[in-house]
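S.K.: sequence plus predicted model, see below.
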Amino acid sequence: MVTGFFFNPPRLWAACSQVFATRVFRRAADEAGYLKTWPKSMETVCACLIVLNTFCWGWVMFVLADQAVPVVNVACRIVIEACREWRNG
């Protein structure tokens with residue numbers, strides 16, 4: 001879940017969907033010999049991770065778009081002016 005949070009959001013979503021859909025078993029066994037499961041509080045943790053991850057990636061996309069728009073705008077002006085010069089002469 002940590003690698004999914006920082007590097008690969010689909011991996012985080014896949015891990016969280018397993019937590020929401022089924023019980024996740026640990027390797028440790030309880031006193032009766034049954035495998036222990038993750039506590040229900042992990043669903044809250046997963047929901048918080050997904051929301052936080054969405055905000056973080058949204059902020060990254062906003063910053064990248066904010067930095068890229070002026071560059072793309074200048075490039076479009078150059079192309080438009082080149083097309084006008086080509087058409088006129």
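M.R.: Looks like it arrived, so ask away.
S.K.: who does the biggest strand by length in the chain pair up with?
M.R.: Identified as the longest strand of the chain according to DSSP state E is strand 25-29. With DSSP bridges as the test, strand 25-29 is paired with strand 35-37 (antiparallel).
S.K.: residues in contact with the strand it pairs with?
M.R.: Outside strand 35-37, the residues that touch it by C-beta atoms under 8 Å, 6 or more residues apart in numbering are Arg23, Val24, Phe25, Arg26, Arg27, Ala28, Ala29, Asp30. Heads up, the C-betas are built off the backbone N, CA and C, glycines and all.
S.K.: beyond that strand, next helix or strand please.
M.R.: Next helix or strand after strand 35-37 toward the C-terminus (DSSP states H and E): helix 41-88.
S.K.: and stretch 41-49, average pLDDT?
M.R.: Average pLDDT, stretch 41-49: 85.
S.K.: before we move on, back to that, closest to Val72 among the contacts of strand 35-37?
M.R.: Val72 has its nearest neighbour among these in Val24, at 44.3 Å by C-beta to C-beta.
S.K.: OK, contacts around that closest one?
M.R.: Counting by C-beta under 8 Å, 6+ apart, Val24 makes contact with Gln18, Thr37, Trp38, Met42.
S.K.: how far does stretch 46-54 sit from the chain's center?
M.R.: 9 Å (C-alpha atoms, centre = their mean, to the nearest Å).
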